[in-house]
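build me a model from this:
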Amino acid sequence: MATGHNPLIAGLTGRCPNCGEGHLFEGFLTVSPRCEACGYDLAKGDSGDGPAVFVIMIAGFLVAFAALFTEFTIHPPIWVHLVVWLPLTVAVCVGMLRPMKGLMLAAQFANRASEARNDD
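Coordinates of the predicted model:
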């Protein structure tokens with residue numbers, strides 16, 4: 001790991017957790033095979049479903065709280081809830097998914113999780 005940068009911040013911003021310079025992603029969620037700046041092997045990282053679970057939990061809590069608060073204070077018609085909260089849920093989930101995946105991959109690299117073995 002290179003000195004002078006935080007690998008978790010690098011992952012959160014979509015940068016290589018090793019050097020903090022290269023891109024972590026090729027597309028929206030496709031992990032680059034190697035960092036173009038330092039050559040670090042990024043392909044061995046696998047975040048699985050973890051980022052999606054965290055995003056669903058966080059976005060669900062925020063949007064559900066806001067919708068319930070709005071319902072109990074303003075009492076809007078149901079169509080207002082549909083028009084406001086459904087697009088907001090999609091936007092929050094899509095907006096959080098890439099940073100959360102980068103954060104989980106960076107945590108995996110920082111803790112050397114891919115090097116762990118199970119000898120049992």
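
SS state for Phe28?
coil (DSSP: H, G, I helix; E, B strand; the rest coil).

who's in contact with the residue nearest to it when sequence neighbours are not counted?
Once flanking residues are discounted, Phe28 sits nearest to Arg98: 6.4 Å by C-beta to C-beta, 6 or more residues apart in numbering. (C-beta placed from N, C-alpha, C; glycine too.) By C-beta atoms under 8 Å, 6 or more residues apart in numbering, the contact set of Arg98 is Gly14, Phe25, Phe28, Leu29.

burial measure for the second one, as a count.
Counted by other C-beta atoms under 10 Å, the residues lying close to Phe25 total 16.

what helix or strand is the most centrally placed residue in the chain on?
Ranked by distance to the mean C-alpha position of the chain (C-alpha atoms, centre = their mean), the top residue is Met100 at 1.3 Å. Element membership of Met100, judged by DSSP states H and E, is helix 78-110.

avg pLDDT for that helix?
Mean pLDDT, helix 78-110: 95.

check which residues of stretch 36-55 are buried.
Within stretch 36-55, the residues scored as buried using 16 or more other C-beta atoms under 10 Å are Tyr40, Leu42, Gly45, Ser47, Gly50, Pro51, Ala52, Phe54, Val55.
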